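Novice: Provided below are the primary sequence and the corresponding predicted coordinates.
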Amino acid sequence: MGTWFVFVGPSAATINLNADGSATLVAAGVEIGSGSTVQAIPQIVADTLGIAPELVVVMQADTDASGYDVGVGGGRTTVSLGSAALLAAEDVRAKLLDAASDLMEVAASDLEVRNGVISVVGDNRMARSVSEVVTFAQGRGGPLIGNGAFTAKGTECLAGCAAGHMIDALDIPIFTVHECDVAVDPATGMVLILDYRVAQDVGRAINPDAIRGQIQGGVAQGIGYALTEEITIASDGSIEQKGFGDYRLPIAGDVPEVHSVLHEGAPSYGPFGAKGAGEIPIMNVAAAIGNAIAAAIGAPINELPMTPPRVLAAAKGAYLNFTLEHLSANWDSFPLGDLMQQHRSQHQPDK
C-alpha cells in the first residue's frame, strides 16, 4: 500500500460561449500527456453547461494571455485547473440562463440546459438552443464570458499523518494498493510478471478510461526501475550506460495486463470530488514486485533494480542480514516522529 499527495496552488480559467453553441476555455495549464485538458476538463465544462464535450475547445495560453497558473505537475491539473474551469462554467451558465430568461420570458430559476437546449424544467415545449440564446445575448449585452479561480484550501498539516499531509501545499491524500504474481527461474534469476492488480483511490472518476491508462503507464514505468533500469558511475564520474542498448527499458512483452479497480467516494475538494491520478501509480510497483520475488525464492531482496544476478544472490541469502544503519526501527526517534509526539500531546483527549 502506498500514498501520495496532490499539489494544488493557484489556477484561473475563462470560458467564452460562442454563437455556434460551443465553448472556449482559456487557461495557462498545458497538456503534458495526462489527458486532463483533452478529456477530464472538457467533460467538467460540458457537464456544467449542458453541451457535448466535443463542443468544448481548450485554448492553452500562457500567463501573459490568461490568468495565472502555478504550473502543470504534482497531480494537480484536473484538481486545480478543473476546479477553476468548473467555477468559470458555473459563472457563464448563470449568465446564459439569465439571457434565456429575457428571451423566453421565464424566470431563470425555472430553466435548465441539457444537450445544448434550454427549456423550462420538466417541460420542453418552449425551448431554445444554446446557440440561439448566445446569439441573442451577444446582440443585447455582448459576449457571454465566465471566470473562475482556485487555489489551495490551506488545510492544517498533520505531522507524519497520511490522512493529513506533511506540507501545507499538499492538500489531498491519495492511496493505492498493488499486488502481483511472478515466476522466477531458479537457474537464471529471470523474473516474469504473470499478473498485476491495482486498487486506487480516485475520489471521483471523471474519465475512468483515462485513469486506467495512467495506471497502466505508471506500472509499466515502475517495472522498468524495479527490474531493468540501472545507472552505474565509472571511476572518473561518468555514467557507464551509453544508450538503450545497456540501459534497458521495459518493452511490450515485459508488461502484463494491469487489472485496475477505481475506488470512488473518498473525500476531495477537486471538481465533482476528483483527485489526481497520474503520479501515484508508479509508487508501489517495485515494492509489490520485490515482495512477490521474495515470496517466490523464500528470501528478501533489497536492491534495485532486481536484475537476474541480484535475484540469484538473494536466493542464496545475500540480503538476509541487510540493515539500514542510518534508520532506526523506532519511529519516534526520527525528527518527524518528534513532531508526531508533539501532535499527540497537544491533542490528548480530556480525562
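Specialist: Thanks, I have it.
Novice: Helices of the stretch 51-200 of the chain, residue ranges please.
Specialist: 82-104, 130-140 (DSSP state H, counting those that start in this stretch).
Novice: And this protein, what are its domain boundaries?
Specialist: Following automatic domain parsing, the chain resolves into domains at 2-150, 175-322.
Novice: Straight-line length of the first one, end to end?
Specialist: Translated: domain 2-150. End-to-end span of domain 2-150 (Cα to Cα, to the nearest Å): 28 Å.
Novice: For stretch 59-73, which residues meet the burial criterion?
Specialist: Neighbour counts over stretch 59-73 (16 or more other Cβ atoms under 10 Å) mark Ala61, Ser66, Gly67, Asp69, Val70, Gly71, Val72 as buried. Heads up, the C-betas are built off the backbone N, CA and C, glycines and all.
Novice: Which neighbouring elements make contact with the longest strand anywhere in the chain?
Specialist: The strand that spans the most residues within the chain, counting by DSSP state E, is strand 170-184. With contacts taken as 3 or more Cβ pairs under 8 Å, 6 or more residues apart in numbering; DSSP states H and E, strand 170-184 sits against strand 2-7, strand 191-203, helix 285-297.
Novice: Could you identify which of the ones you listed is most buried?
Specialist: strand 2-7 (a mean of 22; mean count of other Cβ atoms under 10 Å).
Novice: so how far is it from its chain's centroid?
Specialist: 9 Å (Cα atoms, centre = their mean, to the nearest Å).
Novice: which residues touch the helix or strand just after that strand?
Specialist: Sequence-wise, the next helix or strand downstream of strand 2-7 (DSSP states H and E) is strand 11-17. By Cβ atoms under 8 Å, 6 or more residues apart in numbering, the residues outside strand 11-17 that reach it are 23-29, 45, 49, 66-70, 76, 80-81, 83-85, 87-89, 91-92, 96, 130, 134, 143-151.
Novice: run the last query once more with 6 Å
Specialist: 23-27, 67-69, 80-81, 84-85, 88-89, 92, 134, 144-150 (Cβ atoms under 6 Å, 6 or more residues apart in numbering).
Novice: related to what we said a few turns ago, turn the helices of the stretch 51-200 of the chain into a markdown table, columns for mean pLDDT and mean neighbour count.
Specialist: Formatted as a markdown table, the helices of the stretch 51-200 of the chain follow (pLDDT from 0 to 100; neighbours: other Cβ atoms under 10 Å):
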| stretch | mean pLDDT | mean neighbour count |
| --- | --- | --- |
| helix 82-104 | 96 | 22 |
| helix 130-140 | 96 | 18 |
